[in-house]
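Novice: Prediction below, plus the sequence it came from.
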Amino acid sequence: MFEAAPPPTQSFPDLYREHRGWLEGWLRRRMGNAWDAADLSQDTFLRVMASAQPLTDIREPRAYLLTVGKRLLSNLHQRRSLEKAYLEALVHLPEQHAPSPEQRWLLLETLQALDQLLDGLKPVVRKAFLLSQLEGLSYAEIASRLGVCERSVKRYMAQAYEHCLLAELQ
């Protein structure tokens, strides 16, 4: 699958020079868009540069870059899906209640931050938390919607709150 890797790259410029074209090509084939692929490639290298892991510890640079690139690609798809759902919801609002472009941008940024904060939660825990926080449902109502007992909802909410608190500490 991967070629035999050269000895660990010693510097970031070497890593970039040796693997940028390959990574960008891989992303372009997945995305079908050279501009997005170039952006994601750059973001991947920025993540690597900001990482606490020393470059000399990277034994398989392409595998490492591919892992980071796949995560960023997944995040991009998730963000676009969220944007699409938000814009579709706006279409159904009466014109007098539609937010201004500035408000739309702020709302979308807030939704994306919330989505990122809740990333990593089990889907049922995430859903319980969102039903509580966004729809204001009681634990009994959430339990009914999810088809679980109220005690499970309490446990889900505790997990969600713990997740949010730990994320804030980082």
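Specialist: Received the coordinates, thanks.

Novice: Name the helix or strand for residue 52, please.
Specialist: Assigned by DSSP states H and E, residue 52 belongs to neither a helix nor a strand.

Novice: in the chain, which spans are helices?
Specialist: Applying DSSP state H to the chain gives helices spanning 12-31, 34-50, 61-91, 101-118, 123-135, 139-146, 150-169.

Novice: Can I get those in TSV including mean pLDDT and mean neighbour count?
Specialist: (C-beta placed from N, C-alpha, C; glycine too.) Converted to TSV, those look like this (pLDDT from 0 to 100; neighbours: other CB atoms under 10 Å):
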stretch	mean pLDDT	mean neighbour count
helix 12-31	92	16
helix 34-50	91	16
helix 61-91	85	14
helix 101-118	82	13
helix 123-135	88	16
helix 139-146	94	16
helix 150-169	90	14
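
Novice: Surely residue 112 touches residue 79?
Specialist: Yes - Residue 112 is within contact range of residue 79, at 5.9 Å (criterion: CB atoms under 8 Å).

Novice: what sits against the most centrally placed residue in the chain?
Specialist: Centroid-nearest residue in the chain: residue 75, 3.5 Å away (criterion: CA atoms, centre = their mean). Contact analysis of residue 75 by CB atoms under 8 Å, 6 or more residues apart in numbering lists nothing.
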